[in-house]
Every structure is written in structure tokens, then in C-alpha cells.
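Peer 1: Kindly return the folded structure for what I paste below:
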Amino acid sequence: MTEVVLKVEDLAASYRKNTALYDVNLEVEAGSLTGIVGPNGAGKSTLLKTVLNLHPALTGKVEYFGKSFKKAKKRIGYVPQRGSVDWDFPTDALDVVTMGLYGQIGWLKRPSKSHREKAAEALEKMGMTAYAKRQISELSGGQQQRVFLARALVQDADLYFMDEPLAGVDAATERAIMNILKELKSSGKTVMVVHHDLQTVEDYFDHVLLLDRKVISHGLTEEVFTKQNIGKTYGGNMRWMGDES
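Peer 2: Numbers count the residues shown, from 1 in each chain. Reported below is the predicted structural model:
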């Protein structure tokens, strides 16, 4: 039986007085690569932040590997939206990736040579070795995203959450990121990705979560990513991708 790495029951969240999520129930199995898809304002980023204790839940229960977030957090990696990061902070790419190891290093201790070697390996995996000493403010959007993904990789988590890692990147970076995500899945890791491009869902993800403040459907992409479910998710006013224009 496949392990359930994330279980969410009756989750609800709001911003000010506006309901962002309600009645969210789902189970995510180990070794899956899931695209989280829905219209603007559907609560996709809020879902990630709420299950990660970065935004308060109104109701609900979240378990990781059968445990609380506090007990499981060392097994969890997170890549927020690039736009939420202060890229003017004076630090270089290698230091940003090394920060992903602070859970192992300890905040008041200096990284060892082996820690820096791990960070350098993660940068190399993302094709960013030549930019290790480059200030992050000098990097392009795609390069910044590669650095941030390397920061998550170096944590060697079992479950990764990624908030639109493909937004605003060039085609080469998109391919590089998806190759890494598929490698993570192949090695038994579980990855959940907020994604906005419906055209690539079937190529990129083996599972899909259709969300519009509540779960519309969740499961294998070939079963869930249907014209009917997409219509429910986007209000029924969206032309199906395969239709003639």
C-alpha cells in the first residue's frame, strides 16, 4: 500500500473577511508529481501556505507522514513564488543555496566545507555553477528561480511544495526545472506544484489537483483532467484546449 505523505481534512482559510479555502479534503501519496491548477484567486498559494503553517487555518487538520507539521518539517521543502522574495538582499547564489541547510547547520553556526560542497552540487545540478558567486540581484528571473530550486534540493526533503516555479522563466529553464522534478519523483520524492499553464499539465504531472477554493477533483491526471472537471473549476466559460478556434 502506498504511503500517504499528506492528509488534509476539512481545511478552511480566509484573508480578512474573504473566504480563500473551504472544505478542503485530500490525500497525497508518496512518489507522486501533482500539478495544482485553478483560476486566479482559487486559493492555490493559500493552500500551500496554510498547510505549511505560514497562514492560519480557520478549521481543519493537516498531517504529514501521519505526524504534525512540527514533527515532520525536516522532511518538507518549500519554494515560494519568486515575486515574494527580496532579491535585492546582498548575498550571492551559493549563500542562498547554503541557507537551505540551516536546519542541519543551526542558525548560529557557520557552514562547514561539506555543507558548502552540498550547496555547490545543488547549483551544479541546476546548471548554475558559473553563477555561484554572483549577487542574486544580478541574476535573471530564470536564473533566480534555478537558485531557489537548488536551495530546496539541498534540503533533501521527502515532500516538496513549489509555488509557480515555472512562472516567467524561459523555455530552457522550464525544461531544466521539469527534468529535476521528474527526477525527484523517480527517486521516490513527492512534489506538489502550483501551475498555471493548462496546455502542459498532461505532459508534466501524473496527478492533478483542480482547485477553486475547494477541491473540485484530485487524482491521476488521465482520470481527473477532463473537459467536464476543467469546466467546473473555471466556471464553465473556458474554451477547451482541444476545441477549434
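Peer 1: Low-confidence stretches in the protein?
Peer 2: Applying pLDDT under 70 to the chain picks out residues 1, 87, 102-109, 236-245.
Peer 1: so the spatially most central residue of the chain, which of the three states?
Peer 2: For the chain, the residue nearest the mean C-alpha position is Met162 (1.2 Å; CA atoms, centre = their mean). Put simply, Met162 is strand when judged by DSSP: H, G, I helix; E, B strand; the rest coil.
Peer 1: Contacts only, for it.
Peer 2: By CB atoms under 8 Å, 6 or more residues apart in numbering, Met162 lies in contact with 78-79, 149, 152, 181, 191-194. Placement of C-beta: from N, CA and C, glycine included.
Peer 1: And for Phe205?
Peer 2: Residues near Phe205 by CB under 8 Å, 6+ apart: 33-35, 193, 195, 221.
Peer 1: neighbours around Gly219, how many?
Peer 2: Residues near Gly219, counting by other CB atoms under 10 Å, number 16.
Peer 1: you'd agree it is up against His207?
Peer 2: Yes - using CB atoms under 8 Å, Gly219 is in contact with His207, at 6.5 Å.
Peer 1: Which helix runs longest in the protein?
Peer 2: Longest helix in the chain, counting residues (DSSP state H): helix 171-186.
Peer 1: Show me the contact partners of that helix.
Peer 2: Residues outside helix 171-186 that contact it (CB under 8 Å, 6+ apart) are 31-33, 125-127, 142-143, 145-146, 149, 153, 160, 162, 165-166, 169, 191, 193, 204, 206.
Peer 1: The helix or strand just after that helix packs against which elements?
Peer 2: Downstream of helix 171-186, the first helix or strand assigned by DSSP states H and E is strand 190-194. If you count contacts as 3 or more CB pairs under 8 Å, 6 or more residues apart in numbering; DSSP states H and E, strand 190-194 packs onto strand 4-15, strand 18-29, strand 33-37, helix 44-51, strand 159-163, helix 171-186.
Peer 1: Kindly recompute the last result at 10 Å.
Peer 2: With contacts defined as 3 or more CB pairs under 10 Å, 6 or more residues apart in numbering; DSSP states H and E, strand 190-194 has these neighbours: strand 4-15, strand 18-29, strand 33-37, helix 44-51, strand 76-79, strand 159-163, helix 171-186, strand 207-211.
Peer 1: Tabulate those in a markdown table, adding columns for distance to Tyr234.
Peer 2: Converted to a markdown table, the helices and strands packed on strand 190-194 look like this (distance: least, CB to CB, whole Å):
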| stretch | distance to Tyr234 |
| --- | --- |
| strand 4-15 | 21 |
| strand 18-29 | 17 |
| strand 33-37 | 9 |
| helix 44-51 | 13 |
| strand 76-79 | 25 |
| strand 159-163 | 20 |
| helix 171-186 | 23 |
| strand 207-211 | 9 |
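Peer 1: so which of the ones you listed comes closest to Ser112?
Peer 2: Of all these, strand 76-79 sits nearest to Ser112, with 20.8 Å by CB to CB.
Peer 1: picking that back up, residues bridging contact with Gly219 and His207, i.e. touching both?
Peer 2: Shared contacts of Gly219 and His207, defined by CB atoms under 10 Å, 6 or more residues apart in numbering, comprise 32, 34, 225.
Peer 1: Tell me the most packed of the residues you listed, by neighbour count.
Peer 2: Scoring those on neighbours with other CB under 10 Å, the highest-scoring entry is Thr34 at 25 neighbours.
Peer 1: isn't that one right next to Phe225, touching?
Peer 2: No - look at Thr34 against Phe225 with CB atoms under 10 Å: they stay out of range, at 11.4 Å.
Peer 1: Spit out the residues that contact these two alike.
Peer 2: The contact sets of Thr34 and Phe225 overlap at 205, 207-208, 219 (CB under 10 Å, 6+ apart).
Peer 1: and which of these is nearest Ala72?
Peer 2: Nearest to Ala72, judged by CB to CB, of the shared contacts of Thr34 and Phe225 is His207 at 20.3 Å.
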